[in-house]
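Undergrad: Sequence first, predicted model second:
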Amino acid sequence: MSRTAAPYADISPDRRRTDGWWLAIWAGMVLLIVVIGGVTRLTESGLSITEWAPVTGTIPPLSRQAWEETFQAYRQIPEYQQLNRGMTLDEFKNIYFWEYLHRMGARLIGLVIAVILAHSLFRGGVSRRLNWRLATLLLLTAGQGALGWFMVMSGLADRTDVSQYRLAAHLGLALIIYVVAVWTVADLWWSENQEDTGDTHPTLRKAAGWVTALVFVTAIIGAFVAGLDGGKVYNTFPLMGGKFVPGGYFTQVPWWRNLFENVAAVQFNHRWIAIATLGAIVWLWFRGRQEVLPPAAVRWLHALPVVGTIQVLLGVATLLLVVPTGLAALHQAGAVLLLTASLMFYHALYRADS
């Protein structure tokens, strides 16, 4: 591909802009459902609906009897019996709301991407490449729904919450779906008339790719913190229990289990990998300012340290205040926005160097 060719040059510019806007709106829906999923976890609402029922589950309980039957199903699982015994029906309705909203939002996302794909297939004049990309997003979204139920299943029999491994996988796939959507939007909006700077940036582009990967990994480690309720302990910063490295870091065997199952280790890793990520972003910013970059890359380069700093401050505040729901939800949204900024900077360099 030449440096001045649009990735979807076989589609008219007007249609590329229109398709890009529809897919950008869809990516925004994915971001929103990631945040709603975070609130569902924060409010301990995820196990309130004990069956999948992809079709019939779209209708919530509409009568007193239906609510009693749904509540009775919840009362059979360990979360209720060990943690929420004595919960009233009105209290149950509060947690049911978030899980129902999360599931319905996910179903809507699947429906919208299916409509976008169908429209693209039947209108003609669209590249096969774009149709395959949209089909991939539809399949990934369907897989995400199945993975979500697989996650919920882990908390219905022998646990009082879902597996942190499955929670991290669920978030990871959501972020992958989001990344594919945002990258496709950026490709659709990339103009064949982009200014050619005469420079290539292989070192900076590779560094931007590594920073994007680091942002992704930090978010996934955050899912392990959430899955273990790790934000509700060691609520000081920078020390943990009066020490830089908490005393309980290596308490499980084999050693690797500490990385995923030990609250002290998981929280420590999330803290300092997040700080390292911010350090890498600041280094990338200083390095990028020394080169002549495409205008799009310059904008995202300057956004990166701002979004990264806000995200770290949100994380520290969430920890010190013992995970208030609103602030924690903002922190999760910040992770997705930081991933967006790093991905768009990488995309701008990737396309300029193509």
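TA: Structure's in. What do you need? Numbering: from 1, shown residues only.
Undergrad: ok, Val182 - contacts?
TA: Residues near Val182 by Cβ atoms under 8 Å, 6 or more residues apart in numbering: 27, 340, 343-344. Where you see a C-beta, it was placed from the backbone N, CA and C, and this is true even at glycine.
Undergrad: Now the buried members of those.
TA: 27, 340, 343-344 (16 or more other Cβ atoms under 10 Å).
Undergrad: show me where pLDDT drops low in the stretch 51-200 of the chain?
TA: 125-126, 191-200 (pLDDT under 70).
Undergrad: can you rerun that using 80?
TA: 124-127, 191-200 (pLDDT under 80).
Undergrad: quick one: which of the buried ones among the contacts of Val182 is nearest to Ala296?
TA: Closest to Ala296 out of the buried ones among the contacts of Val182 is Met344 (7.6 Å), distances taken as Cβ to Cβ.
Undergrad: picking up where we left off before, what about the buried ones among the contacts of Val182, which are in helices?
TA: For these, the ones inside helices are 27, 340, 343-344, with DSSP state H as the criterion.
Undergrad: rewinding a little: mind putting the contacts of Val182 in TSV, distance to Leu147 and pLDDT included?
TA: Conversion of the contacts of Val182 to TSV gives the following (distance: Cβ to Cβ, whole Å; pLDDT from 0 to 100):
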residue	distance to Leu147	pLDDT
Ala27	19	98
Thr340	22	98
Leu343	22	98
Met344	26	97
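Undergrad: Against Ala53, how distant is the residue of the chain most remote from its centre?
TA: For the chain, the C-alpha lying farthest from the average C-alpha position belongs to Gln65; by Cα atoms, centre = their mean, that distance is 36.7 Å. Gln65 is 18 Å from Ala53, where distance means Cβ to Cβ, to the nearest Å.
Undergrad: same thing with Ser45?
TA: Distance of Ser45 to Ala53, given as Cβ to Cβ: 17 Å.
Undergrad: Of the two, give the one with the bigger neighbour count.
TA: Ser45 (20 against 12; other Cβ atoms under 10 Å).
Undergrad: Phi and psi next, for the more buried one.
TA: In terms of degrees, to the nearest 10, the main-chain angles of Ser45 are phi -100, psi -10.
Undergrad: thought it was touching Leu101?
TA: No - checked against Cβ atoms under 8 Å, the pair Ser45 and Leu101 is beyond contact range at 9.0 Å.
Undergrad: Can you show me the helices along the stretch 251-354 of the chain?
TA: With DSSP state H, counting those that start in this stretch as the criterion, the stretch 251-354 of the chain has helices at 258-261, 263-288, 295-320, 325-352.
Undergrad: Then the stretch 51-200 of the chain?
TA: Taking DSSP H, counting those that start in this stretch as the criterion, the stretch 51-200 of the chain carries its helices at 64-74, 78, 89-123, 128-153, 164-189.
Undergrad: Let me see the contact set for Ala333.
TA: For Ala333, the contact set (Cβ under 8 Å, 6+ apart) comprises 31, 34-35.
Undergrad: How confident is the prediction for Val266, by pLDDT?
TA: On pLDDT, Val266 comes in at 98.
Undergrad: Identify the residue nearest it in space, chain neighbours excluded?
TA: Leaving out its chain neighbours, the residue that sits closest to Val266 by Cβ to Cβ, 6 or more residues apart in numbering is Phe224, at 4.9 Å.
Undergrad: for the one you found, what are its contacts?
TA: Counting by Cβ under 8 Å, 6+ apart, Phe224 touches 164, 167-168, 230, 260, 266, 270.
Undergrad: before we move on, back to that, can you redo the helices of the stretch 51-200 of the chain as a markdown table with distance to Arg15?
TA: Formatted as a markdown table, those follow (distance: least, Cβ to Cβ, whole Å):
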| stretch | distance to Arg15 |
| --- | --- |
| helix 64-74 | 46 |
| helix 78 | 53 |
| helix 89-123 | 9 |
| helix 128-153 | 10 |
| helix 164-189 | 9 |
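Undergrad: so which of the ones you listed is the most packed in?
TA: For the helices of the stretch 51-200 of the chain, the largest average neighbour count (mean count of other Cβ atoms under 10 Å) is found in helix 164-189, namely a mean of 21.
Undergrad: what about it, distance to the chain center?
TA: When distances are taken as Cα atoms, centre = their mean, to the nearest Å, helix 164-189 is centred 7 Å away from the chain's centroid.
Undergrad: State the next helix or strand along the chain beyond that helix.
TA: Counting by DSSP states H and E, the next helix or strand C-terminal to helix 164-189 is helix 202-227.
Undergrad: Kindly indicate which of the contacts of Val182 lies nearest Ala207.
TA: Ala207 lies nearest to Leu343 out of the contacts of Val182, by Cβ to Cβ, at 13.8 Å.
Undergrad: Name the nearest residue to the closest one, sequence neighbours excluded.
TA: Thr212 (5.4 Å).
Undergrad: I figured that neighbour hits Tyr346, correct?
TA: Yes - using Cβ under 8 Å, Thr212 is in contact with Tyr346, at 5.2 Å.
Undergrad: Among these two, which residue is more densely surrounded?
TA: Neighbours per residue (other Cβ under 10 Å) separate Thr212 from Tyr346, with Tyr346 holding more: 24 against 21.
Undergrad: So for stretch 45-63, first residue to last residue, what's the gap.
TA: One end of stretch 45-63 to the other measures 21 Å (Cα to Cα, to the nearest Å).
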